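1. Here's a sequence, model it:
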Amino acid sequence: MPSPPTTTSLSVTQTINGSHSFTIKGYSLAKGIGIGKHIASDTFTVGGYQWAIYFYPDGKNPEDNSAYVSVFIALASDGTDVRALFELSLLDQSGKGKHKVHSHFDRALESGPYTLKYRGSMWVW
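-> Numbers count the residues shown, from 1 in each chain. Modelled structure (predicted):
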């Protein structure tokens, strides 16, 4: 009797690094455009997926009361769910002063990765 066939499989998880700088010139003019109104970055590619950043100078929701800005990291590609770990820094106009960034999740922003759904987004403020 012949011996049973031998099979193998392999799973490879890749980590792909990238960065995108989104500069808003004239930010002081953007503040006050209204709650729920955003400024969008151009789409950019990291890891073969299209991404975009949406910045709400007066916050996305009325309960923000214009006291906070909201930032969305959005997966703009058609396709599958993507797990992403990202770092977000908000700098003042001098490029030196970093501002605290908090997640709307009950965990620190640094504790990802996060799963971003097809054409979905994850927001921070």
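
2. any idea of the pLDDT on the spatially most central residue of the chain?
-> What sits nearest the mean C-alpha location of the chain, by Cα atoms, centre = their mean, is residue 73, with 2.3 Å. You'll see residue 73 listed with a pLDDT of 83.

3. what's the answer for residue 56, then?
-> pLDDT, residue 56: 87.

4. gap between the closest residue to it other than its chain neighbours and residue 5?
-> Nearest residue to residue 56, sequence neighbours excluded (Cβ to Cβ, 6 or more residues apart in numbering): residue 70, at 4.1 Å. The way it works is simple: take the backbone N, C-alpha and C, and place the C-beta from them, glycine included. Distance, residue 70 to residue 5, by Cβ to Cβ, to the nearest Å: 55 Å.

5. More neighbours: which of these two?
-> residue 70 (20 against 5; other Cβ atoms under 10 Å).

6. Ramachandran coordinates for the more buried one?
-> Per-residue torsions, residue 70: phi -120, psi 140 (degrees, to the nearest 10).

7. how close does it get to residue 77?
-> 22 Å.

8. ok, back up a step: the residue nearest to residue 56 reaches residue 60, doesn't it?
-> Yes - judged on Cβ atoms under 8 Å, residue 70 makes contact with residue 60 at a distance of 4.1 Å.

9. So which residues of the protein form strands?
-> Ranges of strands in the chain, per DSSP state E, are 39-40, 44-46, 49-56, 70-75, 82-84, 90-91, 98-99, 114-116, 121-124.
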